[in-house]
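Asks: Sharing a model prediction with you, sequence too.
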Amino acid sequence: MQVLFRKSFDSGDELEIARQYLNVKEYRHECGPGIVIGRYSVLPYYKELVADLTSKNAKLINSYSEHRWVANFDYYNVLKQFTFETWTDSDFHLCTHDGPFVVKGRTNSRKHQWKTHMFAADKTAASRIASELSNDPLLGEQGILYRKYVPLELFEMGINDIRFTNEWRFFFFKRKMLTYGYYWSQADKADEYKIADGGLEFAQSIADIACKYVNFFVVDIAKTEDGRWILIELNDGQMSGLGMCNPHELYRNLELL
């Protein structure tokens, strides 16, 4: 197992921790035969990276089709009973829900602009936000999703009304949970929050399904105001930030695979 790590201004600490457990490369031509975890390094040219690594007798931990199953929101077809009802541009006109909505890209969102670029009180506001996000260089290429808004258990409020909710991030390799932590690292009391056992069980039940389609992935879950656990989204584990997940635990468990 080796890591192809693209360093950024805020990932230097993680890079040094990864080096303690795995063979880490910063350039694709340095990779040798075997499995490669493309940490922050697979986009925007996933298919081209696959081809380059193939010439080195190496392959990414997630194939291109596995990556697309997550990134293209195809997982909704098998996990819809666990998550928010969702529409795309092609079927939003069929939506009978009047609002409110959460509007985002298939993978990313403008969550730090929650009040103006994510939360929509009704269909008119949702269409307006979607139009703005369609011109966003990152989100526009992903395609826009309209998700039924379900109030989540609120812990804190941040700038621009961003909601620090009872939300958690889990890293999985297939069925094996590698690490987990509170999602909102920016929250004032992020270090103090604890997850109930029901959340751990719910995340595992999602992973038991997702692992049939993708190898290395992240499960984000949250607790609703009425006490239910709900799937927020899945992400490719290669591109997902840590949140409050322990990097030592993540890379130590990856080393043991």
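Replies: Structure received.
Asks: what about the helices in this protein?
Replies: 12-19, 46-54, 64-71, 76-79, 114-117, 123-134, 139-142, 197-210, 247-255 (DSSP state H).
Asks: Now render those as CSV, adding mean neighbour count, mean pLDDT and distance to residue 153.
Replies: No exception for glycine: its C-beta is placed from N, CA and C like everyone else's. Formatted as CSV, those follow (neighbours: other CB atoms under 10 Å; pLDDT from 0 to 100; distance: least, CB to CB, whole Å):
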stretch, mean neighbour count, mean pLDDT, distance to residue 153
helix 12-19, 15, 92, 29
helix 46-54, 15, 95, 35
helix 64-71, 19, 96, 26
helix 76-79, 14, 96, 21
helix 114-117, 15, 88, 16
helix 123-134, 17, 93, 24
helix 139-142, 17, 83, 27
helix 197-210, 16, 96, 11
helix 247-255, 18, 97, 25
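Asks: Figure out which of these is closest to residue 171.
Replies: Of all those, helix 247-255 sits nearest to residue 171, with 5.7 Å by CB to CB.
Asks: What ranges does the stretch 101-250 of the chain have for its strands?
Replies: Taking DSSP state E, counting those that start in this stretch, the strands of the stretch 101-250 of the chain run over residues 101-105, 119-120, 144-148, 154-157, 163-165, 167-173, 176-182, 216-223, 229-236.
Asks: Not counting its neighbours along the chain, what's nearest residue 121?
Replies: Using CB to CB, 6 or more residues apart in numbering and skipping the chain neighbours, the partner closest in space to residue 121 is residue 100 (5.0 Å).
Asks: Give me the phi and psi for that neighbour.
Replies: phi -80, psi 170 (degrees, to the nearest 10).
Asks: Would you check how far apart it and residue 226 are?
Replies: Applying CB to CB, to the nearest Å, the value for residue 100 to residue 226 is 16 Å.
Asks: Just want to know which of those two has more residues nearby.
Replies: Neighbour count, other CB atoms under 10 Å: between residue 100 and residue 226, residue 100 has more, with 18 against 8.
Asks: how deep is residue 30 tucked in, by neighbour count?
Replies: Look at residue 30: counted by other CB under 10 Å, it has 12 neighbours.
Asks: Just put the helices of the chain in JSON lines and tack on distance to residue 26.
Replies: Listed next are the helices of the chain as JSON lines, based on distance: least, CB to CB, whole Å:
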{"stretch": "helix 12-19", "distance to residue 26": "8"}
{"stretch": "helix 46-54", "distance to residue 26": "14"}
{"stretch": "helix 64-71", "distance to residue 26": "21"}
{"stretch": "helix 76-79", "distance to residue 26": "35"}
{"stretch": "helix 114-117", "distance to residue 26": "33"}
{"stretch": "helix 123-134", "distance to residue 26": "32"}
{"stretch": "helix 139-142", "distance to residue 26": "26"}
{"stretch": "helix 197-210", "distance to residue 26": "29"}
{"stretch": "helix 247-255", "distance to residue 26": "16"}
